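Asker: fold the following for me, if possible:
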Amino acid sequence: MNNQEGNQIGACNALSVSLKGVAVADAENHVKLYSFPDGAYKGLATRFVLPARAVAFSASGATLASGGDDEGIKLINTDDRKVFRQLRSQAYTRGIAYDPKGEYVASVSADGTLCVWDIATGKAELQKKMACPKVDVAAPAVSRPAWHPDGGALLAAPGTDNDIVIYERLSWSVVYELSGAHSLEVHLVTFSKNGLYLASADADNTVVVWDVNGRKPLATKVLNGVATGASWHPGANALALITDDGELHIWSDVIPADLPGPNDDIDLLNGVVPGKGGAGQEDPSLMGGGAGGTDDYDRADSFLDDDGEEVIAAHAKAGGKRRRGGGDDYPSAAVYDPPAPQEPIQPGSTQMGDGGRRYLAYTPLGCIVQRAEEDHNTVEVSFHDTARMRRRIPLFKDFYNLSMAALGEKGALYASRSNRDSPSTVLYQPYESWAPNSDWSLGLPVGEEAECVAAGAVFAAVATSCRLLRIFSQAGLQRSVICLGGAPVALAGAGHLLAAVWHAAAPAPSGEQQLAYAIHDVAAQQELASGPLPLTPGSNLSWLGFSEEGLLASYDSEGELRMRSPDFGGAWVPLFSSAAERKGSERFWVFGVSAQQLQCIVVSGGEEPAVPPPPQRPLVSSVPLRAAVVGQDAVLAPLEAEIIRQGVLVSHMEPPAGGKQDEAARLELEAQQLEADKLGLKLFAKLIQSDRHARALEVASLLHGTHSLEGALKLANQLRAPTLAERLAAFVEQRLEIEAEEAAAAAAAQEQEEQQHYYMEEEQEQPRQGEAVTPVPAPAFPLSEARHQPSPSAGVKSSKASPPRPQLAGVAQAAAAVGPFAAARKAGGGQNAGPNHSTAGGGAAAAKRKAPSGNPFARKSKAVKG
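Answerer: A predicted model of the protein is given here:
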């Protein structure tokens with residue numbers, strides 16, 4: 001087979017054949033798809049860091065399971081070649097078998113562990129250690145199970161006593177063993193098409209064919225090497241075998257002539273005549289062509305014709321039942337494979353890679369590295385900024401087989417999945433503690449698994465398979481147990497904020513995930529926001545976290561970053577697209593974000609970074625954020641994108657209506673508003689230079705400070721835009737008048753508050769016992785005329801009119817033109833003009849001012865901050 005460039009494919013580690021083509025795991029750690037029978041290259045299905053050792057198609061060929069020396073088994077949609085689920089298997093997978101019904105995947109690892117995975121949930125229905133022979137991880141040896149073709153009623157796997165063990169479906173109990181014909185360990189089994197026979201190969205170059213019902217060997221053949229692959233002929237009495245040295249053998253007349261052939265129809269052998277009805281007989285409408293069948297399926301009811309999508313949709317409405325393919329030329333095929341829901345993710349974690357190392361967590365604060373040892377794992381916590389986090393966290397031995405972790409501000413939270421010996425366990429370790437026994441751990445109830453974890457400054461949280469969000473204090477106190485709206489997908493924590501994402505509904509037929517989110521204030525025990533989580537069509541959630549400023553952000557598998565803004569009731573704003581930034585096959589592995597830039601590790605030729613050996617660290621990149629505006633102008637579009645990005649941050653920092661801010665928060669807000677105004681003035685100047693004065697006036701109305709407005713007025717005069725300057729002058733004058741009114745009202749409110757405070761103190765005073773008390777009238781504090789009369793130096797009009805400023809000429813003529821802005825000013829209030837601008841009495845300079853209500857960066861009057 002050739003690829004598109006015409007290069008020959010190198011060594012083949014594994015292959016699988018279906019109606020939709022051939023999957024090949026090659027020596028370059030790639031899994032590639034080819035059409036059949038012409039062998040044309042269709043595309044790359046997936047890639048691994050270490051060699052891929054096993055591939056297996058589903059019965060319909062719609063999905064492909066692949067695994068190898070990397071940790072995890074990938075389930076891939078063959079149409080779009082995207083991984084829709086990753087099973088959490090251990091490393092060194094040596095064999096995979098897909099259930100004929102498409103419900104389970106069986107796998108065998110090099111250490112002999114046999115697992116059966118539920119595809120719908122990703123859970124291990126069976127996890128039996130030392131069920132199969134161990135194989136050398138450095139050798140390309142296989143250990144392959146096989147499903148019985150009759151609906152996967154039985155599962156055959158190599159046993160540890162030179163035998164084959166047969167397991168029953170659902171109960172996964174041992175039904176019987178086939179033994180006595182092999183002298184060494186069996187490593188490969190495969191059923192014939194009708195399930196009457198089973199072929200097995202061992203390490204002594206011997207292949208044995210068994211009578212499954214009679215549980216006895218029928219024939220034996222010795223090869224020149226160890227068989228690494230076996231396949232029954234789809235229409236003849238023959239078995240194809242290939243050895244580890246690449247030699248192909250065709251074993252003809254495998255089954256004796258006096259026995260039914262390996263492809264004979266079992267119903268006909270049992271005397272069942274299809275199409276006659278009756279108990280125990282198969283409906284001919286479910287049968288294909290060939291012996292005893294009809295050709296109606298092949299012609300008009302085939303799910304493999306050009307109108308396959310419509311037929312699949314129609315049968316999906318009818319329940320998505322499976323029909324069996326027609327004749328000996330077609331294997332059984334699933335009619336409808338519904339999209340699988342996304343697996344839970346742990347942001348900042350990787351799979352076990354080369355050298356037995358993985359990131360349990362990688363964040364802007366630090367990382368947690370897990371290293372595999374012979375009989376346990378070692379976990380190490382390190383921080384990027386040692387000046388900030390001076391305490392060194394000692395290594396500890398992981399006997400729980402921890403599978404997820406979160407790095408919080410005060411401690412690290414870990415969790416493991418359950419096994420035969422222990423339940424799913426949650427473990428917390430603070431970085432520093434004043435009390436003994438500050439570490440704590442607990443086991444979840446039987447049947448409840450930890451799916452994802454998060455840690456903040458005041459809490460540790462675990463989302464479980466029972467759709468529960470369990471919140472603990474740092475000392476291990478169980479604070480809250482919250483029901484989630486669906487199966488959990490991800491958690492993120494920062495400070496006292498906790499974000500949770502879950503499946504709101506089953507995936508759409510197009511494959512789109514239906515996710516929802518909620519943001520909780522753990523300290524206040526309040527839900528701050530919730531709603532649907534937007535994703536790029538056909539993508540999965542890859543990362544979830546809070547920015548340095550406290551904005552919730554998400555990153556999907558298509559490379560799109562979104563941030564939640566309080567504007568529009570809590571809208572998500574696209575601020576980054578990797579498609580515009582990456583080069584070639586690069587991928588951005590995100591681990592942190594701020595309001596200005598994305599923090600990531602650029603990965604080439606893979607999906608996640610490898611963990612370098614200490615003391616090396618991965619190369620971290622910072623990529624600027626930019627809103628997804630339409631690039632109609634190469635000069636103006638970047639500035640518009642920057643203004644939108646900065647507006648998201650300013651809106652987030654503004655307090656809700658009636659809310660209070662401390663001095664530090666107020667100063668930070670003013671600094672960010674100033675940055676937004678600088679961007680606005682740059683755009684304002686560019687618009688005047690491009691002769692777009694109407695748009696320039698709109699930009700000026702979005703400025704926060706009066707000084708910024710006056711700067712825009714100066715720019716308009718300097719750039720010789722008199723009409724625009726005239727309108728801006730009227731707008732500035734109106735803002736000054738409104739700010740003066742607000743300052744006077746604030747001063748009056750302050751004085752009234754002082755009056756009330758004085759009277760309350762007088763009422764609280766009690767006379768001393770035994771003393772005569774002479775009533776003293778309360779002093780009157782009338783509103784002082786001197787305090788209410790405007791000072792000429794304050795900038796407010798007095799009885800004697802002050803001369804007009806030259807730069808504000810033409811105010812009366814422009815008042816009508818800026819009427820809408822004036823109305824907006826009346827509705828939205830004014831904004832602080834700066835420390836050197838006085839508009840009222842002594843209290844005017846300290847009064848709070850607001851920008852026009854049309855300003856997206858202004859403090860808006862919101863009942864509840866989105």
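Asker: where exactly do the helices run in the stretch 1-150 of the chain?
Answerer: With DSSP state H, counting those that start in this stretch as the criterion, the stretch 1-150 of the chain has no helices.
Asker: the stretch 151-300 of the chain now?
Answerer: 266-269, 296-299.
Asker: worst average pLDDT in those helices?
Answerer: If you rank these by mean pLDDT, helix 296-299 sits at the bottom with a mean of 34.
Asker: where does the stretch 101-250 of the chain dip in pLDDT?
Answerer: For the stretch 101-250 of the chain, applying pLDDT under 70 flags no range at all.
Asker: go again using 90 as the cut-off
Answerer: For the stretch 101-250 of the chain, applying pLDDT under 90 flags the ranges 120-123, 136-141, 150-152, 234-235, 244-247.
Asker: tell me the contacts of residue 648?
Answerer: Residues in contact with residue 648 (C-beta atoms under 8 Å, 6 or more residues apart in numbering) are 551, 563, 565, 567, 573, 575, 595. Using the backbone N, CA and C atoms, a C-beta is placed for each residue, glycine as well.
Asker: next one: it from residue 570, what distance?
Answerer: Separation of residue 648 from residue 570 (C-beta to C-beta, to the nearest Å): 12 Å.
Asker: put the alpha carbons of the host helix or strand of residue 555 into CSV.
Answerer: Counting by DSSP states H and E, the element that carries residue 555 is strand 552-556. C-alpha atoms of strand 552-556 as CSV (Å, rounded to 0.1, in the frame of the first residue of the first chain):
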residue,chain,number,x,y,z
LEU,A,552,-13.6,31.3,33.2
ALA,A,553,-12.0,30.1,30.0
SER,A,554,-12.4,26.9,27.9
TYR,A,555,-10.3,25.4,25.1
ASP,A,556,-11.6,22.7,22.7
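Asker: contacts for the following helix or strand past it next, please.
Answerer: Sequence order places strand 560-565 as the next helix or strand after strand 552-556, per DSSP H and E. Strand 560-565 is contacted from outside by 519, 529, 534-536, 539, 547, 551-555, 570-578, 590, 593, 595, 598, 625, 647-648, 651-652, 866, using C-beta under 8 Å, 6+ apart.
Asker: try it again with 6 Å
Answerer: By C-beta atoms under 6 Å, 6 or more residues apart in numbering, the list of residues contacting strand 560-565 from outside reads 536, 551-555, 571-577, 648, 651.
Asker: tell me what angle that strand forms with strand 552-556.
Answerer: Compare the direction of strand 560-565 with that of strand 552-556 by axes from the mean of the first three to the mean of the last three C-alpha atoms, to 10 degrees and you get 160 degrees.
Asker: from residue 516, how far off is the closest residue in space to residue 536 that isn't next to it in sequence?
Answerer: Excluding its sequence neighbours, the residue lying closest to residue 536 (C-beta to C-beta, 6 or more residues apart in numbering) is residue 558, at 4.0 Å. To residue 516, residue 558 is 19 Å away according to C-beta to C-beta.
Asker: go ahead and confirm the residue nearest to residue 536 touches residue 539.
Answerer: Yes: between residue 558 and residue 539 there is a contact under C-beta atoms under 6 Å: 4.2 Å.
Asker: shared neighbours, those two?
Answerer: Joint contacts of residue 558 and residue 539 (C-beta under 6 Å, 6+ apart) do not exist.
Asker: check contacts around residue 405.
Answerer: Applying C-beta under 6 Å, 6+ apart to residue 405 gives the contacts 360-361, 368, 414.
Asker: I'd like those as CSV, with pLDDT, neighbour count and distance to residue 48 appended.
Answerer: CSV is the format used below for the contacts of residue 405 (pLDDT from 0 to 100; neighbours: other C-beta atoms under 10 Å; distance: C-beta to C-beta, whole Å):
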residue, pLDDT, neighbour count, distance to residue 48
360, 94, 27, 20
361, 95, 27, 22
368, 94, 25, 23
414, 96, 27, 26
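Asker: out of the residues you listed, which sit inside strands?
Answerer: Among the contacts of residue 405, the members found in strands (DSSP state E) are 360-361, 368, 414.
Asker: need the max-distance pair from the residues you listed.
Answerer: Farthest apart among the ones in strands among the contacts of residue 405 by C-beta to C-beta are 361 and 414. That separation is 9.2 Å.
Asker: quick one on the thing from earlier: and the contacts of residue 405, which is closest to residue 508?
Answerer: Closest to residue 508, out of all of the contacts of residue 405 and judged by C-beta to C-beta, is residue 361, at 31.5 Å.
Asker: state the distance from the closest one to residue 88.
Answerer: Residue 361 is 16 Å from residue 88, by C-beta to C-beta.
Asker: swap in residue 359?
Answerer: From residue 359 over to residue 88 the distance is 15 Å, taken as C-beta to C-beta.
Asker: of the two, which one has the most company?
Answerer: residue 359 (26 against 18; other C-beta atoms under 10 Å).
Asker: in space, what's closest to that one - neighbours in sequence excluded?
Answerer: Nearest one to residue 359, counting by C-beta to C-beta, 6+ apart, is residue 350 at 4.6 Å.
Asker: same check, this time on residue 17
Answerer: residue 36 (6.7 Å).
Asker: next one: that neighbour from residue 627, what distance?
Answerer: As judged by C-beta to C-beta, residue 36 and residue 627 stand 46 Å apart.
Asker: so between these two, which is more surrounded?
Answerer: The residue with more neighbours, out of residue 36 and residue 627, is residue 627; 20 against 15, by other C-beta under 10 Å.
Asker: how much space between the more buried one and residue 146?
Answerer: Distance from residue 627 to residue 146, by C-beta to C-beta: 54 Å.
Asker: per-residue pLDDT, residue 496?
Answerer: The confidence metric pLDDT takes the value 95 at residue 496.
Asker: I'd say it and residue 459 touch.
Answerer: No: between residue 496 and residue 459 no contact is recorded; they are 7.4 Å apart, counting by C-beta under 6 Å.
Asker: touching both of these two, which residues are there?
Answerer: Shared contacts of residue 496 and residue 459, defined by C-beta under 6 Å, 6+ apart, comprise residue 522.
Asker: comparing the two, which residue is more hemmed in?
Answerer: Between residue 496 and residue 459, counted using other C-beta under 10 Å, residue 459 has the larger neighbour count: 24 against 15.
Asker: with adjacent residues omitted, what lies nearest to that one?
Answerer: residue 522 is the one closest to residue 459 (C-beta to C-beta, 6+ apart), at 4.5 Å.
Asker: number of residues surrounding the one you found?
Answerer: Applying other C-beta under 10 Å, we find 21 residues neighbouring residue 522.
Asker: contact partners for it?
Answerer: Contacts of residue 522 (C-beta under 6 Å, 6+ apart): 459, 496, 498.
Asker: what's the answer for residue 416, then?
Answerer: 400-403, 425.
Asker: next one: residue 673
Answerer: Counting by C-beta under 6 Å, 6+ apart, residue 673 has contacts 650, 704.
Asker: helix or strand: which one has it?
Answerer: Using DSSP H and E, residue 673 falls in helix 663-689.
Asker: check which residues of that helix are buried.
Answerer: Residues of helix 663-689 classed as buried by neighbour count (16 or more other C-beta atoms under 10 Å): 669-670, 672-673, 676-677, 679-681, 683-688.
Asker: now do stretch 532-548
Answerer: Neighbour-count burial for stretch 532-548, counted by 16+ other C-beta under 10 Å, picks out 533, 535, 538-547.
Asker: how about residues contacting stretch 231-245?
Answerer: Contact with stretch 231-245 is made by 192-193, 199, 223, 225-230, 248-255, 261-263, 328, as judged by C-beta under 6 Å, 6+ apart.
Asker: buried sites along that stretch?
Answerer: By 16+ other C-beta under 10 Å, the buried positions in stretch 231-245 come out as 232-233, 237-239, 241-244.
Asker: span of it from start to end?
Answerer: Taking C-alpha to C-alpha, to the nearest Å, stretch 231-245 runs 17 Å from one end to the other.
Asker: can you give me how far that stretch is from the chain middle?
Answerer: Here the centre of stretch 231-245 is set off from its chain's centre by 43 Å, with C-alpha atoms, centre = their mean, to the nearest Å.
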